[in-house]
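Asks: Okay, predicted coordinates and the sequence, questions at the end:
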Amino acid sequence: MTLGKDMAQYVGAIDQGTTSSRFIVFDKAGAIVSLSQKEHEQIYPAAGHVEHDPLEIWRNTQEVIREALEKKGLKPQDLAAIGITNQRETTLIWDRRTGKPLHNALVWQDTRVDSIVEEFAQDGGHDRLRDKTGLPLASYFSGLKLRWLLDNVPGAREKAAAGDVQFGNIDTWLVWNLTGGVNGGCHITDVTNASRTQLMNLKSLEWDEEILSLFDIPKACLPQIRSSSEVYGKATDSLAGVPIAGILGDQQAALVGQACFQQGEAKNTYGTGCFMLMNTGETPYPSKCGLLTTVGYRFGQGKTVYALEGSIAIAGALVQWLRDNLGLIRTSTEIETLARGVEDNGGVTIVPAFSGLYAPHWNSHARGLIGGLTRFANKGHIARAALEATAFQTREVLDAMTKDTGIAVKELRTDGGMVVNELLMQFQADILNVPVVRPKVIETTALGAAYAAGLATGFWSGTDELVQNWAVDKRWKPDMAPSRREQLNAVWDKAIARSLDWAE
């Protein structure tokens, strides 16, 4: 299909993340033409509860689209297609007739369903659904968040069963609104987002009737599952007529944006959390080491490509915590300068288990700790330990991937907001003993969504063209004595052991 290929020079991508919404316009070389970004409120109604206002997210999305187009004097007809990438697992329900959410969205970090998780784990353990979904029972995924909403929002369950209340991750909410909302909006999701609900069967790529029955979720409220790259519908309003043609959950989008199309290629995204994905080819790889088996992408009618994923809850969020809660820095970028003011971590280790630990531990009762404190320790050591925490957690995930697959990663492709921190990147290479690579375009999440949309509309000819677009900005090589690496890893492992099962 070559919809608008000759007329339009660009592809747009909505990148709806945990802390902000962005619209980025890319050219054929994958370079950024225009960008607009706006943060949204983080709502914390109680300990462990994290919410977003879906209407604020939709307003901000419309605003950044308008701003990015206006900056360069672009019109809808300049765009061949729009792709969407989104914070995954963040769960909302809304009224199909009014378009109004019935509750704030429950963010992926929200842990209010912990008790429901334990209830289901009593029969068959936390891995009882792994064979079907690739996921352990955990508060992370959308399915049990949806169950909580249906149980706790008055009237929601009855309306959902009648098809009058619709469920979605943020991708579904945005597509529905973009394509007309109450006036015939498309109620869809793609295979990557569906694979994060714990409601989809990984092999059939369809909602699993047994799991829906187990969780007591009416099928009538669920979106239709589509591929990651096809024309779903056309936008209205400020993007009138532009095809919406690509959807990828944020981490899968980064895998595509990093052109990891070969089995064994891996990328790590350093954002609010940290997410490493390895392309494992056309077979879902079961994990015995605490990783998630997930859909990597499916382009049109092509084969489904799977991935192993290691999800880390707190990475950049730890830097934000030092800024907002402790006041050690005024802006997040100051952390590198502060950390460079000391030679090493001074014996300080931080485990940022604010809401438990994700991969490879999956321990919801773990809690954060700062260990190794002496009178010698200062804020520089704490800053350095905070950066190192991200690298250590990444090392644990990469070790698990190697154990699961037998594949030794030759290099780690990196992206996300933290990759501008060169101290972190060098330490990451040192602690992994593997080269770390930053690409020229670090907005790989949005780029992946643009690629999915552009492939569906003929803007790009195929994945070979996308591989040609990928280029290295900087490469960090390991430069640490093996004995030092072993010593640091041993201290980290000890600190992790102390943090586990801290909460009753």
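Replies: That came through, no problem. Keep in mind that this is a model prediction, so the values were computed, not measured.
Asks: in stretch 317-331, what's buried?
Replies: For stretch 317-331, burial by neighbour count (16 or more other Cβ atoms under 10 Å) applies to Ala317, Leu318, Val319, Gln320, Trp321, Leu322, Arg323, Leu328, Ile329. The way it works is simple: take the backbone N, C-alpha and C, and place the C-beta from them, glycine included.
Asks: just these now: which is nearest Gln426?
Replies: Lowest distance from Gln426 to the buried residues of stretch 317-331 (Cβ to Cβ) belongs to Val319, with 17.0 Å.
Asks: I'd like the distance from the helix or strand that contains Ala495 to the chain centre, please.
Replies: Here Ala495 sits within helix 482-499, counting by DSSP states H and E. Its chain's C-alpha centre and that of helix 482-499 lie 27 Å apart, by Cα atoms, centre = their mean, to the nearest Å.
Asks: got it, and stretch 195-202?
Replies: With Cα atoms, centre = their mean as the basis, stretch 195-202 stands 15 Å off its chain's centre.
Asks: avg pLDDT for that stretch?
Replies: For stretch 195-202, mean pLDDT is 96.
Asks: Please list the residues outside it that contact it.
Replies: Applying Cβ atoms under 8 Å, 6 or more residues apart in numbering, the contact partners of stretch 195-202 are 88-89, 129, 132-135, 137, 141-144, 146, 169, 191, 194, 206-208, 211-212, 215, 217, 222, 225, 249, 284, 293-295, 306.
Asks: And the strands in the stretch 51-200 of the chain, which stretches?
Replies: Per DSSP state E, counting those that start in this stretch, the stretch 51-200 of the chain carries strands over the ranges 51-52, 79-86, 92-95, 105-106, 165-168, 188-190, 200-201.
Asks: so which of those strands is the most packed in?
Replies: strand 79-86 (a mean of 30; mean count of other Cβ atoms under 10 Å).
Asks: chain center to that one, what's the gap?
Replies: Chain-centre distance of strand 79-86: 17 Å, with Cα atoms, centre = their mean.
Asks: what does stretch 33-47 give?
Replies: Worked out by Cα atoms, centre = their mean, stretch 33-47 lies 15 Å from the chain centre.
Asks: What of stretch 50-63?
Replies: Its chain's C-alpha centre and that of stretch 50-63 lie 17 Å apart, by Cα atoms, centre = their mean.
Asks: Report the mean confidence score over that stretch.
Replies: Averaged across stretch 50-63, pLDDT comes to 96.
Asks: what about dumping the CA coordinates of that stretch to PDB?
Replies: C-alpha atoms of stretch 50-63 as PDB (Å, rounded to 0.1, in the frame of the first residue of the first chain):
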ATOM      1  CA  VAL A  50      -0.100   5.700  41.100                       C
ATOM      2  CA  GLU A  51      -2.700   7.200  38.800                       C
ATOM      3  CA  HIS A  52      -3.000   9.400  35.700                       C
ATOM      4  CA  ASP A  53      -5.900  11.500  34.400                       C
ATOM      5  CA  PRO A  54      -6.700  10.100  31.000                       C
ATOM      6  CA  LEU A  55      -8.500  13.300  29.900                       C
ATOM      7  CA  GLU A  56      -5.300  15.300  30.700                       C
ATOM      8  CA  ILE A  57      -3.300  12.900  28.700                       C
ATOM      9  CA  TRP A  58      -5.700  13.200  25.700                       C
ATOM     10  CA  ARG A  59      -5.600  17.100  26.000                       C
ATOM     11  CA  ASN A  60      -1.800  17.100  26.200                       C
ATOM     12  CA  THR A  61      -1.600  14.700  23.200                       C
ATOM     13  CA  GLN A  62      -3.700  17.100  21.100                       C
ATOM     14  CA  GLU A  63      -1.600  20.000  22.200                       C
END
